[in-house]
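Asks: Here is the input, now give the coordinates:
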Amino acid sequence: MKALFDTNIVLDVALDRPQLAASSRAALTWGFEHPGKACLAWHSVATLAYFLGRHSGRDAVRSLVGELVARLDIAGGSDRELLRAIELPVSDFEDAMIVALAESVAATHIVTRNTADFRRSPVKAVTPENFVRLTAKA
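Replies: Presented below is the predicted three-dimensional model:
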């Protein structure tokens, strides 16, 4: 099993979103405990920095990015992934970029709050709650 975490999962934890943070934290913890089996998209880091910077400031951003880089693989893309994203039957382009990166790193799952946005993805999208259940069975 290999997971690519969508931006919203890290934001749940970083912003301590009520009723969301616990399951997202459990999913990310699995990723932290399984080196080489969990990643985050390069472009997600910019989005995280923007939202967390507005909420918590520069030092919090640098701390979070440092922790993410130390504990998850960061999936970078190239023109190949962007061209693949254009081809995918996923309506939101940022989501298509996530799918293309998931394919390129051979992820089996995309962990996201927005599974409906990934219904046409060739990589299975699961909620953090379902991901935690799956990992408990594995």
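Asks: So for Ser78, what's the pLDDT?
Replies: Per-residue confidence at Ser78 stands at 94 (pLDDT).
Asks: Distance of it relative to His55?
Replies: 31 Å (C-beta to C-beta, to the nearest Å). Every C-beta, even on glycine, is put in place using the N, C-alpha and C of the backbone.
Asks: Looking only at neighbour counts, state which of those two leads.
Replies: His55 (13 against 10; other C-beta atoms under 10 Å).
Asks: what's the pLDDT at the nearest residue to the more buried one once chain neighbours are set aside?
Replies: What sits nearest to His55 in space, not counting adjacent residues and going by C-beta to C-beta, 6 or more residues apart in numbering, is Leu15, at 6.0 Å. According to the predicted model, the pLDDT of Leu15 comes to 89.
Asks: Determine the number of other residues adjacent to Leu15.
Replies: Using other C-beta under 10 Å, the number of residues around Leu15 comes to 15.
Asks: likewise Arg25?
Replies: 17.
Asks: Could you do Arg80 as well?
Replies: 10.
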